[in-house]
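Asks: Quick one: sequence plus predicted model below, questions after.
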Amino acid sequence: MSKFRLSSLFHSSSSSSAGADAETKKQNRRSFSALSASLRQKDVETNGVPAPASKVKVAKSVTVPEQSPSRMVALAQKITKATEKLETYMKSKNLPMPSFDVDAPADFPSLPEDVQKSRQEIIHATKELGLLAHGPRESVRWGIWEFLDVLALTAINHYGFAKLVPVDSTITLAELQTKTTLDSINLARLLRMAMTNGIFREPSPGVIAHTAASRVLAEDEDMQSWIGFNGEDIFPAAGHVLQALNAHPEATSLTRSGFQFAFDTVDKEPMFVTFGKDPNRARRMGRAMASLTGGEGYEPSFFVDVDKGGYDFSDLDAAAGTFVDIGGSHGFMCVDLATRYRNMKFVVQDLQKTVDSAPNPLSADPQVAERITLLAHDFFTEQVTKDADVYFFRWIMHNYSTPYAIRILKNLIPALKPGARVLINDHCLLDAGQENPWDERVMRRMDVVMLTLLNAQERTEAEFRDLFAAVDERFVFKVSFCSLIFLLRWWKRGKKKGWC
Ligand SMILES: C[S@@+](CC[C@H](N)C(=O)[O-])C[C@H]1O[C@@H](n2cnc3c(N)ncnc32)[C@H](O)[C@@H]1O
């Protein structure tokens, strides 16, 4: 992945002192811009931490080359260049350029790396330019109102408005109102709020039509679940995080998160138990996850395909080794692995209810299905599959705060043979400013979602090391693959006690 930095967001980009003559102003401006640029460069080397204001002031006196454009102009130029590159590629492949039109494609096709990089540059540079054009006070003042965008989208999704608007024609607000329980004022205000984000349009007063985005809401059921889960479960929980933190500042308990404060289950039950009692809500979360994991970089092939940088199990396959997927749901990772590796054996462990609802057989290929065992096992109890070669946790650790994560990992110890690998497939937080802005934002948000719902957390490599050190000193960190979405860790019982 190419790396982008946002450190420059924190710098001013021009300076001129009132009353100075034009040339002095010009020089000042050049000096300041160039110094900002040099500080920006330095920031990149120091984890993107913005320079203190005092440093910026000293910098004004430094003489710098002429013709440095302001940050805003540099961004505008970057946007133009990147957009032209994207357009040239799309045209060369006869692909339509993005549009709000109802018939526009809902997704970009898979793009070559350099074109994808240009696309990301457009996204990040427009955001930065927008913030600069708003100015700090305005950005902060109106930024906090983004929850109203969430509210409008959540309501539109909840009432299913998108499905009531015909895709290939229009509908009047009056007619739409007859199909809903909302009154006309509330219907219109929610739709018009969403229109400010390109969701629906009003081609003439009182007439509603789809855009490409509202069409997605009408047709993509996983997306409906994603909006529902976020808007109706996570959003209320987020609104109660402060209450949870004030009452329980340590924020480690599974039954004292914003979620429990929002839904009146404090000290009663974890979120997963609440969902287990409500099949509709559980299904919605399941589909929301499917929508998320359908995204680029989340697909199992990212882990399974060695060509894509996935993990190579050839040695284990040659030895017909055993791979245990703990909290492995319906075993889809093991099915993909077993399809690629024809000798390894697999155990998929999950809660009884999940095991009971798994498809049978797990794969149409009997050679695959017969090597996968589904087993009901609670990972808060001692591991029952002894002496396996790999114990795999995909998207498990980030659901738990450290006290719980330690318990889960300690339960492995009695089962581990010398050299057994514990493999963690999770997000890995990098230091602030080290990731490209898109991934940085996704990961920071995911981390806060974990806090909101579960008092859990994403972890940095150092935090994973600390976690395993707290479990047992015999774990040895072996290798990590850090990529767009997830990180693998390979831990092994070490030589300290003479095992390996
Ligand atoms: C976030 S999902 C991850 C599923 C799968 N590993 C994946 O990569 O998509 C968490 C999984 O852990 C399972 N789970 C939750 N609590 C568990 C427990 N105490 N013991 C075993 N599995 C559990 C859930 O049923 C669910 O399948």
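Replies: That came through, no problem.

Asks: Show me the contact partners of stretch 273-293.
Replies: 220-226, 228-230, 233, 259, 263, 265, 298-299, 353 (C-beta atoms under 8 Å, 6 or more residues apart in numbering). C-betas here are computed from N, CA, C, even on glycine.

Asks: buried sites along that stretch?
Replies: In terms of neighbour count (16 or more other C-beta atoms under 10 Å), stretch 273-293 has its buried residues at 274-275, 281, 284-285, 287-289, 291.

Asks: Same question for stretch 379-396.
Replies: If you call a residue buried by 16+ other C-beta under 10 Å, then stretch 379-396 has these buried ones: 379, 383, 385, 388-396.

Asks: which of those come close to the ligand?
Replies: Cross-checking the buried residues of stretch 379-396 against the ligand (C-beta under 6 Å from any ligand atom) gives 379, 394-396 as the overlapping residues.

Asks: Now secondary structure and pLDDT too, for these, in CSV please.
Replies: Converted to CSV, these look like this (DSSP: H, G, I helix; E, B strand; the rest coil; pLDDT from 0 to 100):
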residue, secondary structure, pLDDT
379, coil, 98
394, strand, 92
395, coil, 90
396, coil, 94
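
Asks: between those, which is nearest residue 78?
Replies: Nearest to residue 78 among those: residue 395, at 35.1 Å, using C-beta to C-beta.

Asks: measure stretch 217-232 end to end?
Replies: 16 Å (C-alpha to C-alpha, to the nearest Å).

Asks: touching the ligand at all, it?
Replies: No: Stretch 217-232 lies apart from the ligand when judged by C-beta under 6 Å from any ligand atom; the minimum separation is 12.7 Å.

Asks: follow-up on the earlier one: and the furthest pair within the buried residues of stretch 273-293?
Replies: 274 and 291 (20.7 Å).

Asks: Quick check, central residue of the protein?
Replies: residue 442 (3.7 Å; C-alpha atoms, centre = their mean).

Asks: The helix or strand that residue falls within near the ligand anywhere?
Replies: Assigned by DSSP states H and E, residue 442 belongs to helix 437-454. No: judged by C-beta under 6 Å from any ligand atom, helix 437-454 and the ligand are separated, with a smallest distance of 10.3 Å.

Asks: got a list of what residue 351 touches?
Replies: 376, 378.

Asks: any low-confidence regions in the stretch 251-400 of the chain?
Replies: Within the stretch 251-400 of the chain, the ranges that satisfy pLDDT under 70 run 293-297.

Asks: Tell me how far residue 356 lies from residue 193.
Replies: 43 Å (C-beta to C-beta, to the nearest Å).

Asks: Those two: which is more packed in?
Replies: Just comparing residue 356 and residue 193: by other C-beta atoms under 10 Å the higher neighbour count belongs to residue 193, 18 against 11.

Asks: Find the nearest non-adjacent residue to that one, please.
Replies: Closest residue to residue 193 apart from its sequence neighbours, by C-beta to C-beta, 6 or more residues apart in numbering: residue 152 at 3.9 Å.

Asks: separation between residue 101 and residue 377?
Replies: 51 Å.

Asks: more neighbours, these two?
Replies: residue 377 (23 against 13).

Asks: Just list the residues touching that one, thanks.
Replies: Contacts of residue 377 by C-beta under 8 Å, 6+ apart are 326, 349-350, 383-385.

Asks: Spell out which helix or strand contains the closest residue to the ligand within the stretch 151-300 of the chain, please.
Replies: Nearest to the ligand, among the residues of the stretch 151-300 of the chain, is residue 272, at 5.9 Å (C-beta to the nearest ligand atom). For residue 272, the element it lies in under DSSP H and E is helix 271-276.

Asks: how far is that helix from where the chain is centred?
Replies: Its chain's average C-alpha position is 22 Å from that of helix 271-276, according to C-alpha atoms, centre = their mean, to the nearest Å.

Asks: Can you identify the element that follows it toward the C-terminus?
Replies: Assigned by DSSP H and E, the successor of helix 271-276 is helix 279-293.

Asks: could you dump whichever helix or strand comes after that following helix to PDB, C-alpha only?
Replies: Counting by DSSP H and E, the next helix or strand C-terminal to helix 279-293 is helix 301-304. These are the backbone C-alpha positions of helix 301-304, laid out as PDB (Å, rounded to 0.1, in the frame of the first residue of the first chain):
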ATOM      1  CA  SER A 301      -8.300 -14.900   0.100                       C
ATOM      2  CA  PHE A 302      -6.300 -12.100   1.600                       C
ATOM      3  CA  PHE A 303      -5.200 -14.600   4.200                       C
ATOM      4  CA  VAL A 304      -5.300 -17.800   2.200                       C
END
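
Asks: Is there contact, residue-wise, from helix 301-304 to the ligand?
Replies: No: Helix 301-304 stays clear of the ligand (C-beta under 6 Å from any ligand atom), getting no nearer than 9.1 Å.

Asks: buried sites along that helix?
Replies: 302-304.

Asks: now do stretch 197-215
Replies: For stretch 197-215, a neighbour-count test (16+ other C-beta under 10 Å) marks 199-201, 207-215 as buried.

Asks: What is the end-to-end distance of it?
Replies: First residue to last in stretch 197-215 (C-alpha to C-alpha) measures 14 Å.

Asks: same question, stretch 346-364
Replies: End residues of stretch 346-364 are separated by 16 Å (C-alpha to C-alpha).

Asks: to the chain's geometric centre, what's the distance from that stretch?
Replies: For stretch 346-364, the distance to the chain centre is 27 Å (C-alpha atoms, centre = their mean).

Asks: What of stretch 151-169?
Replies: The answer for stretch 151-169 is 25 Å, by C-alpha atoms, centre = their mean.

Asks: Begin at 6 from now on, thanks
Replies: Got it, first residue is 6 now, which makes that one stretch 156-174.

Asks: Quick one: end-to-end distance for that stretch.
Replies: Stretch 156-174 end-to-end distance (C-alpha to C-alpha) = 26 Å.

Asks: now do stretch 393-402
Replies: For stretch 393-402, the end-to-end distance is 20 Å (C-alpha to C-alpha).

Asks: now stretch 219-229
Replies: OK, stretch 219-229 end separation, C-alpha to C-alpha: 11 Å.

Asks: State the mean pLDDT of that stretch.
Replies: Stretch 219-229 shows an average pLDDT of 96 in the prediction.

Asks: where's it relative to the chain centroid, distance-wise?
Replies: 19 Å.

Asks: before we move on, what about stretch 416-428?
Replies: 30 Å.

Asks: ok, now stretch 454-471?
Replies: Centroid separation between stretch 454-471 and its chain, computed with C-alpha atoms, centre = their mean, is 14 Å.

Asks: List the buried residues in that stretch.
Replies: 454-464, 466, 468-470.

Asks: Show me what it is in contact with.
Replies: 238-239, 242-243, 246, 249, 256-259, 261-264, 275-276, 402-407, 409, 429, 431-436, 448, 451-452, 472, 482, 485, 487, 492, 494.

Asks: which among those end up buried?
Replies: Judged by 16+ other C-beta under 10 Å, buried ones among the contacts of stretch 454-471: 238-239, 242-243, 246, 249, 256-259, 261-264, 275-276, 402-407, 409, 429, 431-435, 448, 451-452, 472, 492, 494.

Asks: In the protein, what residue spans correspond to strands?
Replies: 176-177, 206-209, 212-214, 327-331, 350-355, 377-381, 395-399, 426-431, 433-434, 464-465, 480-487, 492-498 (DSSP state E).
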